[in-house]
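# Mind folding the following:
(one chain, ligands or ions: 1)
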Amino acid sequence: MSHRVLIIEDEKELAEILGEYLDVEGYEVMLAFDGQKGLKYVEDFKPDLILLDIMLPIVDGMTICKKVRETRDIPIIMLSAKSGEMDKVICLGIGADDYVTKPFSPLELVARVKAHLRRFDKTHNEKEMLGAGLEVKAGRLTLSKESYTAQIDEVEVNFTTKEFMVLYFFASHNNQVFTKEQLYENIWGMKEYGDISSVAVYIKRIREKLKEYQIDYIKTVWGIGYKFSIN
Ligand code: CA
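Here you go, the predicted structure:
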């Protein structure tokens, strides 16, 4: 089955070049030259991965990223003309999986697309394989790997798939201390792409959600990393 890649980029020439590279690799490609079309194609074309420029007419890339993340866990790679560290942090914070600064080599980008899709497929296959009845109860949390749902006091709480995976990993290793690197390897499972700083970003988001229920299970172990503890 070939994957569908949506390129949302207003530099037409760049979008077309990337489209050709991906087409040669066997991907189905759709181009959108502004943010509004981009959002429309997210619904109509149902991409498996999005290459998303930040500065776009009508709707900007960060807004699109946030909107997509409300409903989908597909990989999003941000393409940016800026190289500021802040932008990178913001993009990863709103749920982008990767961040590439222009100018970049199309071949390198294709390699990243492949890697992200491979990881995404692996995660989903594991979801199916490990699915059967795997449930973890920890304190007020009940996490079901079958349905990828989290409950607090038996009320369902919304986590994205990745947030769920981080929380599930923690809850399955009560009181064990992990470094960011160990968490990244265990949950993301890939060292060469992506960014280790996303670990802290995900933990921050999970903590914020748990905090709404006065839950503080993910502790910082200063100088080492994190641990999950219901005490
Ligand atoms: Ca642009």
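# show me where the chain has strands.
4-8, 28-32, 49-53, 76-80, 98-101, 135-138, 141-144, 149-152, 155-157, 177-178, 218-221, 225-228 (DSSP state E).
# outside of the shortest one, which residues touch it?
Outside of strand 177-178, the residues that reach it under the criterion Cβ atoms under 8 Å, 6 or more residues apart in numbering are 186, 221, 224-227. To be clear about C-beta, it is placed using only N, CA and C from the backbone, and glycine gets the same treatment.
# Rebuild these as TSV, extending it with neighbour count, distance to D97 and pLDDT.
Listed next are the contacts of strand 177-178 as TSV, based on neighbours: other Cβ atoms under 10 Å; distance: Cβ to Cβ, whole Å; pLDDT from 0 to 100:
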residue	neighbour count	distance to D97	pLDDT
N186	13	17	82
V221	12	26	94
I224	12	26	92
G225	18	22	94
Y226	22	21	96
K227	17	25	95
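# can you redo those as a markdown table with distance to the ion?
Converted to a markdown table, the contacts of strand 177-178 look like this (distance: Cβ to the ion, whole Å):
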| residue | distance to the ion |
| --- | --- |
| N186 | 36 |
| V221 | 42 |
| I224 | 41 |
| G225 | 37 |
| Y226 | 37 |
| K227 | 42 |
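# How much space separates M78 from the ion?
For M78, the distance to the ion equals 11 Å [Cβ to the ion, to the nearest Å].
# Tell me where this structure has helices.
Using DSSP state H, the helices of the chain run over 12-24, 35-44, 61-71, 85-93, 106-130, 161-171, 180-183, 197-211.
# highest average neighbour count across these?
helix 161-171 (a mean of 21; mean count of other Cβ atoms under 10 Å).
# Please look at D216 and I206 and confirm they touch.
No - counting by Cβ atoms under 8 Å, D216 stays clear of I206, with 11.2 Å between them.
# for the ion, what are the nearby residues on this protein?
Residues of the chain found near the ion (Cβ under 5 Å from the ion) are 10, 53, 55.
# Minimum pLDDT in these, which residue is that?
For the residues of the chain next to the ion, the model is least confident at M55; its pLDDT is 93.
# separation between the residue lying farthest from the centre of the chain and K219?
Distance from the centre of the chain peaks at N231, with 29.5 Å (Cα atoms, centre = their mean). Distance, N231 to K219, using Cβ to Cβ, to the nearest Å: 9 Å.
# ditto for Q176
Counting by Cβ to Cβ, the gap from Q176 to K219 is 11 Å.
# which residues are common contacts for those two?
With Cβ under 8 Å, 6+ apart, Q176 and K219 have common neighbours 227-228.
# tell me the pLDDT at the residue nearest the centre of the chain?
Taking Cα atoms, centre = their mean, the centroid of the chain lies closest to D97, which sits 4.6 Å from it. For D97, the model assigns a pLDDT of 92.
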